[in-house]
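**Q** sequence unknown, structure follows:
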């Protein structure tokens, strides 16, 4: 078991006082058999109210209502968790799903339909060409081997590039540029898996980098649903199965729907804004 501290500071500074719309916070880790929250602290200025609820995906969402105008918005989160996941490959897939292609049960097909539907349905032609390197119609292959090869293929084919721009690149953009961020690689893997009929979802969270000078960061990856094993995480930035270095805060079928902090502001004229984000994920 690892005890981990997650510190996340988001600070906006403006050239003049502005008014804020309701902000949506996805900063609290998803609890389960692998993660337990020991304590959490949220500090926000200016004056505000926060209401927490769980959405349809089971994410813990904070609705932040700011009650006064200001030239600075500061959102500081500190969470201590106990992380119990230490053997990421310790799962057993149902016998019918060991080899790809495999059928889903009727009730599974209904529940998993949103996770099998393309986000960019007009880009399947380019995806078909890329996926054909790993699987062709009529071929039988071990399911995990196929997913592992595709996951590693993204690492080998594309260069990692940190992007400050909001949003996610489409698979066609990633193929054209030959590069992308963690969220772009996760989105590419999701669309490639959906082309093959897998059920898969986007995950936003934190990465614990022990021994690194970066001391952790926000991160994005994906989870494939495998009958008998459940949702298994694949990190397309490292080419690995997720484990005790990955801490999920939110999941969604759409890659652009779960940023850590989302909201709007209005102000007089052309207000200039500056964003600073500080993240530290460290073992305690």
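**A** Okay, I see it. The structure presented is a predicted model; accordingly, all values stated were derived computationally and were not measured. Numbering: from 1, shown residues only.

**Q** Residue 80 against residue 41, yeah?
**A** No. Applying CB atoms under 8 Å, one finds residue 80 not in contact with residue 41, separated by 9.1 Å. To be clear about C-beta, it is placed using only N, CA and C from the backbone, and glycine gets the same treatment.

**Q** The two: which is more packed in?
**A** Set side by side, residue 80 and residue 41 show more neighbours around residue 80, with 15 against 10, by other CB atoms under 10 Å.

**Q** wait, is the more buried one part of a strand?
**A** Yes. Secondary structure of residue 80 (DSSP: H, G, I helix; E, B strand; the rest coil): part of a strand.

**Q** pLDDT value on it, please?
**A** We have a pLDDT of 98 for residue 80.

**Q** And for the nearest residue to it once chain neighbours are set aside, the neighbour number?
**A** Spatial nearest neighbour of residue 80, chain neighbours left out: residue 38 (4.3 Å); criterion: CB to CB, 6 or more residues apart in numbering. Residue 38 is flanked by 12 other residues according to other CB under 10 Å.

**Q** ok, now the one 5 residues further on?
**A** Neighbouring residues of residue 43 were enumerated by other CB under 10 Å; the total is 10.

**Q** now residue 10
**A** Considering only other CB under 10 Å, residue 10 is surrounded by 20 other residues.

**Q** Grab the nearest non-local neighbour of it.
**A** Spatial nearest neighbour of residue 10, chain neighbours left out: residue 75 (4.5 Å); criterion: CB to CB, 6+ apart.

**Q** Figure out the helix or strand that the residue nearest to residue 80 lives in.
**A** strand 35-45 (DSSP states H and E).

**Q** Quick check: buried residues in that strand?
**A** For strand 35-45, the neighbour count (16 or more other CB atoms under 10 Å) marks 35, 42, 44 as buried.

**Q** Among the residues you listed, which one sits closest to residue 172?
**A** Nearest to residue 172 among those: residue 35, at 35.1 Å, using CB to CB.

**Q** measure that closest one to residue 29 for me?
**A** Residue 35 is 6 Å from residue 29, where distance means CB to CB, to the nearest Å.

**Q** shared neighbours, these two?
**A** Contact criterion CB atoms under 8 Å, 6 or more residues apart in numbering; residues shared by residue 35 and residue 29: 81, 247, 248.

**Q** before we move on, the earlier item: check the residue nearest to residue 80 and give its pLDDT.
**A** For residue 38, the model assigns a pLDDT of 97.

**Q** what's the answer for the one 3 residues further on, then?
**A** We note a pLDDT of 98 for residue 41 in this prediction.

**Q** Which residues are in contact with it?
**A** Residue 41 neighbours (CB under 8 Å, 6+ apart): 76, 77, 78, 79.

**Q** In a markdown table, list these along with neighbour count and distance to residue 147.
**A** Below are the contacts of residue 41 laid out as a markdown table (neighbours: other CB atoms under 10 Å; distance: CB to CB, whole Å):
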| residue | neighbour count | distance to residue 147 |
| --- | --- | --- |
| 76 | 16 | 38 |
| 77 | 22 | 33 |
| 78 | 16 | 35 |
| 79 | 22 | 30 |
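
**Q** I'd guessed residue 149 sits against residue 131; true?
**A** No. When contacts are counted by CB under 8 Å, residue 149 is not listed as touching residue 131 (10.6 Å).

**Q** Quick check on those two: which one has the bigger neighbour count.
**A** residue 131 (19 against 16).

**Q** I'd like the distance between the more buried one and residue 51.
**A** The gap separating residue 131 from residue 51 is 43 Å, by CB to CB.

**Q** Pass me the low-pLDDT residue ranges in the stretch 1-150 of the chain, would you?
**A** 85-86 (pLDDT under 70).

**Q** As a check, name the ranges of all strands in it.
**A** Secondary structure of the stretch 1-150 of the chain (DSSP state E, counting those that start in this stretch): strands located at 2-20, 23-25, 35-45, 48-54, 60-66, 70-83, 99-100, 141-142.

**Q** List of residues touching the fourth one?
**A** Looking back up the chat, that one is strand 48-54. Here strand 48-54 makes contact (CB under 8 Å, 6+ apart) with 25, 28, 42, 44, 60, 61, 62, 63, 64, 65, 66, 67.
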